[in-house]
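> Okay, structure incoming, though there's no sequence with it:
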Ligand code: MG
Ligand code: ZN
């Protein structure tokens with residue numbers, strides 16, 4: 001019985017996600033769903049990307065959080081249109097929440113909408129939001145076993161960002177082990193290693209993002 005209910009909920013979610021996607025496509029906006037554990041550095045990644053991307057494309061951010069507007073405040077300080085979704089304790093964003101956020105955002109004129117999901121390596125991957133692509137952020141202090149232990153998340157994304165590379169000398173984290181796990185678990189996922197704090201490796205990920213946005217726009221043209 002529980003399984004049936006869960007399935008029906010997901011189907012309802014997918015229908016709303018489909019409507020969100022139509023809104024993005026009608027406005028020619030690419031949308032990314034940014035996933036990862038609490039503290040992986042999703043907001044820091046956005047902060048590091050903005051100086052690289054803001055000159056080339058118009059961005060807006062939807063911030064999902066259980067409580068507080070701390071991340072949304074950080075992003076708004078960058079001068080980007082920002083909408084906060086307060087999930088009131090829910091551990092993931094769903095398509096309906098994003099649909100509500102879109103009501104208070106002007107999509108026309110934007111190139112890329114970044115949706116930062118609630119920090120969680122498990123259930124957010126089950127909920128489509130209408131996004132065109134997904135990136136999961138995994139940080140060095142979380143440990144090098146996460147790809148193998150939470151394979152579903154890594155199988156449901158387009159790219160992996162290994163963040164906090166600057167902490168490698170201080171933490172036991174085998175980058176090659178992670179890359180080997182990705183090859184087994186999610187071989188088609190594009191993987192990047194960077195530090196949002198120092199800027200190392202940001203350019204490579206930015207180039208990938210720009211390329212994806214370009215492909216999405218061509219697909220609609
Ligand atoms: Mg955050
Ligand atoms: Zn959840």
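Yep, it's here. Quick caveat, the model's predicted, so the values are computed rather than measured. Ligands and ions are numbered 1, 2, ... in the order given.

> Check which helix or strand residue 138 maps to.
Per DSSP states H and E: residue 138 is located in strand 133-139.

> for that strand, packing partners?
On a contact count with 3 or more Cβ pairs under 8 Å, 6 or more residues apart in numbering; DSSP states H and E, strand 133-139 meets strand 30-36, strand 159-163. (Each C-beta comes from the backbone N, C-alpha and C, glycine too.)

> Apply 10 Å and report the result again.
Counting contacts by 3 or more Cβ pairs under 10 Å, 6 or more residues apart in numbering; DSSP states H and E, strand 133-139 packs against strand 30-36, helix 42-53, strand 112-116, helix 146-149, helix 151-155, strand 159-163, strand 190-193, helix 202-220.

> Looking at the ones you listed, which is nearest to ligand 1?
helix 42-53 (3.4 Å; Cβ to the ion).

> Summarise which helices and strands the closest one is packed against.
Applying 3+ Cβ pairs under 10 Å, 6+ apart, one finds that helix 42-53 makes contact with strand 30-36, strand 59-65, helix 70-76, strand 112-116, strand 133-139, strand 159-163, helix 202-220.

> Try it again at 8 Å.
strand 30-36, strand 59-65, helix 70-76, strand 112-116, strand 159-163, helix 202-220.

> Spell out which residues belonging to this structure are near ligand 1, please.
With Cβ under 5 Å from the ion as the criterion, the chain meets ligand 1 at residues 42-43, 71.

> rerun that using 8 Å as the cut-off
38, 41-44, 63, 65, 70-71, 74, 116, 119 (Cβ under 8 Å from the ion).

> so who does the spatially most central residue of the chain touch?
Centroid-nearest residue in the chain, with Cα atoms, centre = their mean: residue 34, separated by 0.7 Å. Residue 34 makes contact with 42, 45-46, 114-117, 134-135, 137, according to Cβ atoms under 8 Å, 6 or more residues apart in numbering.

> Can you report how many residues neighbour the residue nearest to residue 45 when sequence neighbours are not counted?
For residue 45, ignoring the flanking residues on the chain, the nearest one in space by Cβ to Cβ, 6 or more residues apart in numbering is residue 196 at 4.8 Å. Residues lying near residue 196 (other Cβ atoms under 10 Å) number 26.

> Likewise for residue 10?
Residues near residue 10, counting by other Cβ under 10 Å, number 14.

> Could you report the pLDDT at residue 3?
Residue 3 is assigned 65 on the pLDDT scale.

> Give me the contact list for the helix or strand bottoming out on mean pLDDT in the chain.
For the chain, the helix or strand with the lowest mean confidence is helix 2-26, at a mean of 89 (criterion: mean pLDDT, DSSP states H and E). Helix 2-26 has contacts (Cβ under 8 Å, 6+ apart) with 30-31, 94-96, 98-99, 102, 107, 113, 126-132, 220.

> Out of those residues, which end up buried?
Among the contacts of helix 2-26, those classed as buried by 16 or more other Cβ atoms under 10 Å are 30-31, 94-96, 98-99, 102, 107, 113, 127-132.

> These in strands, which ones?
The strands, defined by DSSP state E, take in 30-31, 113 from these.

> Rebuild these as JSON lines, extending it with distance to ligand 2.
Conversion of these to JSON lines gives the following (distance: Cβ to the ion, whole Å):
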{"residue": "30", "distance to ligand 2": "25"}
{"residue": "31", "distance to ligand 2": "20"}
{"residue": "113", "distance to ligand 2": "21"}
